[in-house]
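**Student:** Everything below, folded, please.
(chains A, B and C)
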Amino acid sequence: MLRRIAAWIDERAKVGDLYREQMIEYKVPKNLTFPYVFGVLALITFALQIVSGIILIMYYKPVIAHAFDSTNYTIMREIDFGWLFRHIHAAGANFFLAIVYLHMFTGIYYNAYKKPRELVWIVGWVIYFTLLVTALTGYLLPWGQLSYWGTVVTTEIPASLADAPVLKGIFGAIGETISIWMKGGYKLEDLALGRFFGLHVVFLPLILLGLVAIHLFLVRAAGISNPEGYEIDKKNEPEKLVPFHPYVTLKEGAIAMWYLALFFFFVFFYMSHFLPADNFEPADPLKTPPHIAPEWYLLGFYEVFRSIPSKFWGFVAFNLILLLLLLLPFLDFSPLRSARRRPLFFVMFLVFVISSMALTILGTMSPTPTNAKLGMFFTALVFLFFLSLPVISFVEWGWYKARGGQA
Amino acid sequence: MSAAGLIKTVFFTLITVGFFFIIWVYNPFAHKEVYELPEEAARIVGDPKAALEGRELFKQSCSSCHSVRYDGVYLMSVEAKPEWQKILKTMGKPILETQDGKVKIKGYYLPRDVYEAVALQDLENLKASFGKVPPDLSTIYLARGPGYLYQFIMDPQKVLPGTSMPKLFFPEYDKEAPQKVAKIVAYLRSVSEPSPSEKAKRLVMGVATVGYFILMGFILWFYRKRVLEKMGIS
Amino acid sequence: MEATRRDFLGFALGGMGVIGALGVLYPVIRTLAPSAASTTEAKVEIDVNKVPEMGLRVTSWKGKPLFVIKLPEGFEGKYSYDVKDTTNDAGKLNKDLFKGRNIFAVIGVCTHLGCIPLWKPEGDADLASPHLHCPCHGGIYTPWGDVVAGPPPRPLWVPPQRFEGNKLVVGEPGFVERLV
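**Tutor:** Predicted coordinates:
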């Protein structure tokens, strides 16, 4: 009976054909390495965030008088398993960004942003940026001390444009306008909370869903990249290709299960980082907590901003890093692909990875003069990575031509 | 895999794991204050019976300035208002507690805006004498931890110089003072943390969930091996 | 051997999948379960002197509307109802359960689809005698909550109740032992 219903539907919807085309006849390189799994893991985490978010939204109240209590009383005590979904959502946000960072670094390592995949990278960057905004807006909602002061600091950052060396008036006005529009007024109040809530629960997730769909479509359209950095010839080298299902699906499925095991280990046993202690104090607009820093996924940018003595240039610098990241496919125009075949690029990639990590860890430390100097040093290295790309590409074009156009 | 490839894999794995360990689990570079909790106090803080005694102690010693709304404990002066019981029953939500298998109403949870409207004058009086409204302590245990609370209640000025919180327990005159303070911390803990039975439930659930995913991963892995063998791909 | 191993893996996969799906559903459904706090007003006291004769007072018991009705002496002899053949959980009519008492409480939720009946002390066009009339689908009950006409499948629910001086205590066993 079930089989007949399935056949009836298939005859009309052609689901079977779609499945065959997209899962079995879709061939992927056999030599995909472990880091290629991060895309799927990001997708899984996104699904977890949506499900847990839908449950939390039923009990959360975006009004100052009730925001903190609805989170810490209604969700954490009154509702059965409310705590579980809050833990999932809080840990999920951190894992989501962690996986997205790993996914991005993988993409950089294997040069997956190069022709014909520039659009994949650009849409991916927009996803990353939207995700940061989603994280930022969601962070305010529990209305604890960290939520409040984290958001105050974030909304004040555009105001540093007023420190511009030239055209102070115009830059200052732009900065203040951005800052006021982010807050919905001069103070963080119900209006700002409502605005952040609306963005966080409807607008941004919808945009993310759309972007993720486009991202996946583009990956399929351009084909998946290869760790060896060349496109597999489908006709002449069929032995290097494997069907997506079951070869990749089951492998990534198994890894996804182990990933979830790690994730739920944190959810059940180690939430102290994801639900920081200071945020269990209700927001007090008259008292800033002693140690206030953004969440770890913004700390790298924060450290760049903080260690540069001029607020204006600090602001410019971290925005420039974001912009350079977006322009990566155009900075790196080398004919060679994948760090496996590009020793110079490999070295610069190491510099980039280590500087990013160092900046993030420096961001957790207190702002001493030594730390500020270290911060400047690693900021310089990050810029060095981006600036070295055109130079490396130029050198590699030379090698490429010397070898008669062979990679 | 070549030797170079192996080295690269190990290296990237190590720095990634190390990085996340530092920022998520233990950060040796970050600034952190440690407040010591004496051993005996730690034992009392962990004892659910002490929490019950702590609740009474809290009501006597602390509730003239502090409320614990999540546990239905309010300012003494507010609870003395003639209309108070009625306000609780009409505007509040019962807080349940299971005692000997029977569900009982422990108190009422009153929404913050309702409470602050009813207690407006009382809170303003407190503000006038202390400079700020003494905070509600429903989640303070999660925010500050047992060590801080114990040290702070024992000697507020030592931990937070200039605070308006008075010293209420004097070990010089009252030998029981450290135990009393520990009982109050035990009470605050019982308000903030799930009950021992709930904690045990969560532990079982956590182990089951993590175990499930590990096992499921292995099943999928072996299933895949079998399928691939059958298809002739190795 | 080969076949059994494959079968075993297949079963394990399917079985674990089902367990996983249930494991996800369980907490999700539990978050939607009614909050225990909403059903705890286990005991309500009503001062019967404040209920007028032929009057109905509405309060709530365990989150549901509670009708406290006071009938004048000799009411039973004055009106007679053509009651349908439905009984409450005690296998009786509500009227027999109250044993001639003229002050009692019933739960004011129509047993058909959960609307709240209206009290018609003067009767109306459908029935001249005093009765409870459900506005949703026209269920008609006697003042004791027994079905006279309309779709309700059983009489109104009766909570446990007893007298304490001039107070009717609902939620504790007395002349009605349990919820029927």
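
**Student:** Okay, and the spatially closest residue to B:Ile140 that is not a sequence neighbour sits in which element?
**Tutor:** Spatially, and ignoring its direct neighbours in sequence, B:Ile140 is nearest to B:Leu188 (6.1 Å; CB to CB, 6 or more residues apart in numbering or on different chains). Just so you know, the C-beta spots here come from the backbone N, C-alpha and C atoms, and that holds for glycine as well. Element membership for B:Leu188 (DSSP states H and E) is helix B:177-192.

**Student:** Figure out how far the helix or strand just after that helix is from the centre of its chain.
**Tutor:** For helix B:177-192, the succeeding helix or strand toward the C-terminus, using DSSP H and E, is helix B:196-231. Relative to the centre of its chain, helix B:196-231 is centred 30 Å away, using CA atoms, centre = their mean, to the nearest Å.

**Student:** got it, and stretch C:148-167?
**Tutor:** 8 Å.

**Student:** how far does that stretch stretch from start to finish?
**Tutor:** 30 Å (CA to CA, to the nearest Å).

**Student:** Any buried residues in it, and which?
**Tutor:** C:Val148, C:Ala149, C:Gly150, C:Pro152, C:Arg154, C:Pro155, C:Leu156, C:Trp157, C:Val158, C:Pro159, C:Pro160, C:Gln161 (16 or more other CB atoms under 10 Å in any protein chain shown).

**Student:** buried stuff in stretch A:179-195?
**Tutor:** For stretch A:179-195, by 16+ other CB under 10 Å, it's A:Ser179, A:Met182, A:Lys183, A:Gly184, A:Leu188, A:Ala192, A:Leu193, A:Arg195.

**Student:** Could I get the full set of strands for the stretch 251-400 of chain A?
**Tutor:** Counting by DSSP state E, counting those that start in this stretch, one finds no strands in the stretch 251-400 of chain A.

**Student:** Write out the residues of it neighbouring chain B.
**Tutor:** A:251, A:253-258, A:260-261, A:264-270, A:273, A:277-282, A:286, A:291, A:296, A:299, A:353-354, A:357, A:360-361, A:364-366 (CB under 8 Å from any CB of the partner chain).

**Student:** what about 6 Å?
**Tutor:** A:253-254, A:257-258, A:260-261, A:264-265, A:268-269, A:273, A:277, A:280-281, A:296, A:357, A:361, A:364-366 (CB under 6 Å from any CB of the partner chain).

**Student:** Which ChimeraX command selects the buried ones in those residues?
**Tutor:** Only the buried entries of those go into this ChimeraX selection, using 16+ other CB under 10 Å:
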select /A:253,254,257,258,260,261,264,265,268,273,277,280,281,296,357,361,364,365
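
**Student:** need the next SSE after the helix or strand bottoming out on mean pLDDT in chain C, C-terminal direction.
**Tutor:** Across the helices and strands of chain C, mean pLDDT, DSSP states H and E gives its lowest value to helix C:75-78, namely a mean of 81. Helices and strands here follow DSSP H and E; after helix C:75-78, the next one along the chain is helix C:94-98.

**Student:** what does that following helix contact?
**Tutor:** C:Asn88, C:Phe104, C:Trp144, C:Gly145, C:Asp146, C:Pro155, C:Val158 (CB atoms under 6 Å, 6 or more residues apart in numbering or on different chains).

**Student:** Keep only those of the residues you listed that are in strands.
**Tutor:** Residues of the contacts of helix C:94-98 located in strands (DSSP state E): C:Phe104.

**Student:** buried sites along stretch A:310-326?
**Tutor:** A:Lys311, A:Phe312, A:Trp313, A:Gly314, A:Phe315, A:Val316, A:Ala317, A:Phe318, A:Ile321, A:Leu324, A:Leu325, A:Leu326.

**Student:** rewinding a little: which one among the buried residues of stretch A:179-195 gets closest to chain C?
**Tutor:** Distance to chain C, by CB to the nearest CB, is smallest for A:Leu193 among the buried residues of stretch A:179-195, at 23.3 Å.

**Student:** List the contacts of the closest one.
**Tutor:** A:Pro62.

**Student:** Would you verify that it is located in a helix?
**Tutor:** Yes. The assignment for A:Leu193 by DSSP: H, G, I helix; E, B strand; the rest coil puts it in a helix.

**Student:** Give me the pLDDT for it.
**Tutor:** At A:Leu193, the pLDDT value in this model is 91.

**Student:** From chain B, how far out is the closest residue to A:Leu331 other than its chain neighbours?
**Tutor:** Closest residue to A:Leu331 apart from its sequence neighbours, by CB to CB, 6+ apart: A:Leu389 at 4.3 Å. According to CB to the nearest CB, to the nearest Å, A:Leu389 stands 20 Å off from chain B.

**Student:** Might you quantify the distance of stretch A:227-234 from its chain's geometric centre?
**Tutor:** With CA atoms, centre = their mean, you get 27 Å for stretch A:227-234.

**Student:** Give me the residues contacting the helix holding B:Leu188.
**Tutor:** B:41, B:44-45, B:50-51, B:53-55, B:57-58, B:68, B:70-71, B:139, B:141-142, B:146, B:149-150, B:153-154, B:169, B:171.

**Student:** same check, this time on stretch A:327-334
**Tutor:** So stretch A:327-334 is in contact with A:Tyr113, A:Glu118, A:Trp121, A:Leu389, A:Pro390, A:Ser393, A:Glu396, going by CB under 6 Å, 6+ apart.
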